[in-house]
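S.K.: Test case, fold it:
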Amino acid sequence: MKNLKFLQILLALMIMVSCSDQEPIIEYVTVTETVVETITETVEVETNQYSDSTLEGNITSNLTLDASKMWLLKGRVSVVAGVTLTIPAGTIIKASAGTGADASTLIIARGAKIEANGTEEAPIVMTSISDNIEIGGTYPVNGPSLSVESRGLWGGLIILGNAPASFSGDVSELQIEGIPTSDLNGLYGGIDSSDSSGSIQYFSIRHGGAEIGEGNEINGLTLGGVGSETIINHIEVIANVDDGIEFFGGSVNASNLSVWGQGDDAIDIDQGYSGTIDGVLVILTSASDHGLEIDGPEGSLEGRFTLKNATIVGSTYNCAALGVDGEMADFRKGATGDIQNVLFQNFAGGKDIELDAAADSASYTSSKLTFSNIDILYPSDLDANVCSNIESINQIFDDKTDPVQSSFESDATSFAEIVSEKKEGNGIDESKLSWTFYARYK
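M.R.: As a prediction, the model looks like this:
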């Protein structure tokens, strides 16, 4: 700084000398010294909230979660045989993102148990890590960060048991779809129809169905060979890429189920499932396929289920179907079961309840597949007029064989009718689902 001032004085003298024959010119140079001050700000890094609440790998000893913590499901997690996982009411489990064989998925292996008993006031929630749901099940003032269109962000919940299922070749066990065959925790099936895998009640599964291979996704809730001593009621599945709830054989009963905005079928039945499903609400969106997809046995064990008190809501706007699929119900591969007290509403013209092939015509003719008290509530246009492109009863109930091999279509008027509003005792009592995300945020 001293050298700089010396040079400035010297320059001024030189100017004065060079101008000696003229009036002296004095120039004032102001030097401003800029001081740059560096401020170091210390930022505290938030402690990882999942440091002591992460579920990863195999769970090999009894474990009870703490509902006061947020839990992270990381990768494929299996509760192995002989072990019980207890999830208290109000617990929130968020699953890390990912696809492929290691997509975040919770498996209750054959011989293991889950005790997950939420309540109407404090349901248990399994969702994506992208969900802004908070401990206690609440949301910020700006509401949920994910909608019914947010699908495939993690895997799903898989419960496997020792109950019989109808397998091709009459094998006694099979690997559940979605889990690599190298993981033996994916096996299901056996001979104990009264097997217990525990209990799940008031349980919401959201934004799952990650793809593990081309065209192969995980269901929201998968039940493989689950026995009748297992308790399953008040279950909600929202925005799953594949099926909402799928029953692979087994004899478990389930009640008060809700599926909203799945990408494939809402309720899917396979491999000789023989339990009772009592109380179902299905709400299709433009992404959805069938409300019901019912497949028959694959082996000699037939099985026979009952599905009753269901409301299946189609995706229609101003009389036009949204999306490309969205059928009411499809019965395939020799389906066997009893369908009772079901309301189909808001389905556009061309959507049907069909017997897929000759095997299903035969099931119906032999009374192995029956229908009773089925109601159809036509959609309305924007002016509240009943849509004009809807079809008659015998067109909605469709035997796809050619030539037709059953009296399904002509019999339809004896077990189904067109209604102008929901009748008392038909469909589900929706008040039983007031706890769901659908009821609160639709």
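S.K.: how many neighbours does Val79 have?
M.R.: Applying other CB atoms under 10 Å, we find 26 other residues in the vicinity of Val79. Any C-beta I mention is one placed from the backbone N, CA and C, and that applies to glycine too.
S.K.: Beta-bridge partners for it, please?
M.R.: Bridge pairing for Val79 (DSSP bridges) gives the partners Ile59, Ile108.
S.K.: shouldn't it be in contact with Gly111?
M.R.: No - using CB atoms under 8 Å, Val79 is not in contact with Gly111; the gap is 9.6 Å.
S.K.: give me the low-pLDDT residue ranges for the chain?
M.R.: Judged by pLDDT under 70, the chain has its weakly predicted residues at 1-47, 213-215.
S.K.: Which residue ranges make up the domains of it?
M.R.: The record, using automatic domain parsing to delimit domains, assigns the chain the ranges 1-32, 54-441.
S.K.: Go through those domains and name the closest to Asn48.
M.R.: Each of the domains of the chain has some distance to Asn48 by CB to CB; the shortest is domain 54-441, at 8.9 Å.
S.K.: chain center to the closest one, what's the gap?
M.R.: On the basis of CA atoms, centre = their mean, to the nearest Å, domain 54-441 is displaced by 9 Å from the centre of the chain it belongs to.
S.K.: Now the terminal residues of that domain, how far apart.
M.R.: Criterion CA to CA, to the nearest Å; first-to-last residue distance in domain 54-441 is 28 Å.
S.K.: that older thread, out of the domains of the chain, which one sits most buried?
M.R.: Of all those, domain 54-441 carries the top mean neighbour count, a mean of 20, counting by mean count of other CB atoms under 10 Å.
S.K.: if we can go back for a sec, just put the domains of the chain in a markdown table and tack on distance to Asn48.
M.R.: As requested, those are exported to a markdown table (distance: least, CB to CB, whole Å):
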| stretch | distance to Asn48 |
| --- | --- |
| domain 1-32 | 49 |
| domain 54-441 | 9 |
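S.K.: check which helix or strand covers the nearest residue to Gly152 once chain neighbours are set aside.
M.R.: Nearest in space to Gly152, with sequence neighbours left out and distances taken as CB to CB, 6 or more residues apart in numbering, is Val241 at 4.2 Å. Assessed by DSSP states H and E, Val241 sits outside every helix and strand.
S.K.: got it, and Asn394?
M.R.: Using DSSP H and E, the secondary-structure element containing Asn394 is helix 393-396.
S.K.: Ala412 falls within a helix, correct?
M.R.: Yes - when the secondary structure is assigned by DSSP: H, G, I helix; E, B strand; the rest coil, Ala412 falls within a helix.
S.K.: which residues touch the residue lying closest to it once chain neighbours are set aside?
M.R.: Leaving out its chain neighbours, the residue that sits closest to Ala412 by CB to CB, 6+ apart is Phe397, at 3.8 Å. The neighbours of Phe397, taking CB atoms under 8 Å, 6 or more residues apart in numbering as the test, are 352-354, 408-409, 411-412, 416.
S.K.: just to revisit the earlier point, backbone torsions only: list them for the residue nearest to Gly152.
M.R.: phi -70, psi -50 (degrees, to the nearest 10).
S.K.: Could I get the contacting residues of it?
M.R.: Listed by CB under 8 Å, 6+ apart, the contact partners of Val241 are 151-152, 208-211, 217, 262-264.
S.K.: residue boundaries of the strands in the stretch 51-200 of the chain?
M.R.: Under the criterion DSSP state E, counting those that start in this stretch, the stretch 51-200 of the chain carries strands at the ranges 54-59, 63-64, 70-79, 84-87, 92-95, 105-108, 113-117, 124-128, 157-160, 174-175, 187-188, 198-206.
S.K.: who's in contact with the fifth one?
M.R.: This means strand 92-95. Applying CB under 8 Å, 6+ apart, the external contacts of strand 92-95 come out as 55, 65, 70-74, 87, 104-106, 124-129, 131, 133-137, 153-155, 208.
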